[in-house]
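S.K.: Provide a 3D model corresponding to the input given below.
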Amino acid sequence: MDPADVAAIIESELADAEATVSRARGEHDDDHLTATVVSPAFEGQSLVQQHQQVYDALDDHMTTDIHALELSTYTPDEYEE
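M.R.: Numbers count the residues shown, from 1 in each chain. Take a look at the predicted model:
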């Protein structure tokens with residue numbers, strides 16, 4: 001799946017999210033992605049809850065199109081630091 005498509009899905013499903021997605025470097029470049037997601041929806045959420053929100057946004061793509069997703073999630077304040 002194209003990284004730009006993944007970013008667009010995340011941004012459309014999470015409130016005020018900004019997502020940067022790229023292919024991971026290494027032997028499995030085609031189906032391993034790296035994403036940084038910044039959203040105020042993460043306020044007060046644990047890291048596990050933040051990641052679950054992203055996985056929920058990607059829905060079936062996580063089982064059909066994306067083999068692995070390395071996630072970094074931040075609230076806007078955390079990202080500015």
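
S.K.: what segments of the chain are helices?
M.R.: 3-13, 47-58, 61-64, 76-80 (DSSP state H).

S.K.: and the contacts of the first one?
M.R.: Pointing back at helix 3-13 there. Around helix 3-13, the neighbours that count as contacts under Cβ atoms under 8 Å, 6 or more residues apart in numbering are 17-23, 33, 35, 37, 54, 56-58, 61, 66. Placement of C-beta: from N, CA and C, glycine included.

S.K.: that helix vs helix 47-58, what angle?
M.R.: For helix 3-13 against helix 47-58, the angle by axes from the mean of the first three to the mean of the last three Cα atoms, to 10 degrees is 100 degrees.

S.K.: quick one: mean pLDDT for helix 3-13?
M.R.: Averaging pLDDT along helix 3-13 yields 96.

S.K.: the third one now?
M.R.: For helix 61-64, the mean per-residue pLDDT is 90.

S.K.: low pLDDT regions in this structure?
M.R.: Along the chain, the parts satisfying pLDDT under 70 run over 26-30.

S.K.: tell me which residues touch the closest residue to Ile10 other than its chain neighbours, please.
M.R.: Excluding the flanking residues, the one nearest Ile10 by Cβ to Cβ, 6 or more residues apart in numbering is Ala19, at 4.1 Å. By Cβ under 8 Å, 6+ apart, the contact list for Ala19 reads Val6, Ala7, Ile10, Glu11, Ala35, Thr36, Val37, Val38.
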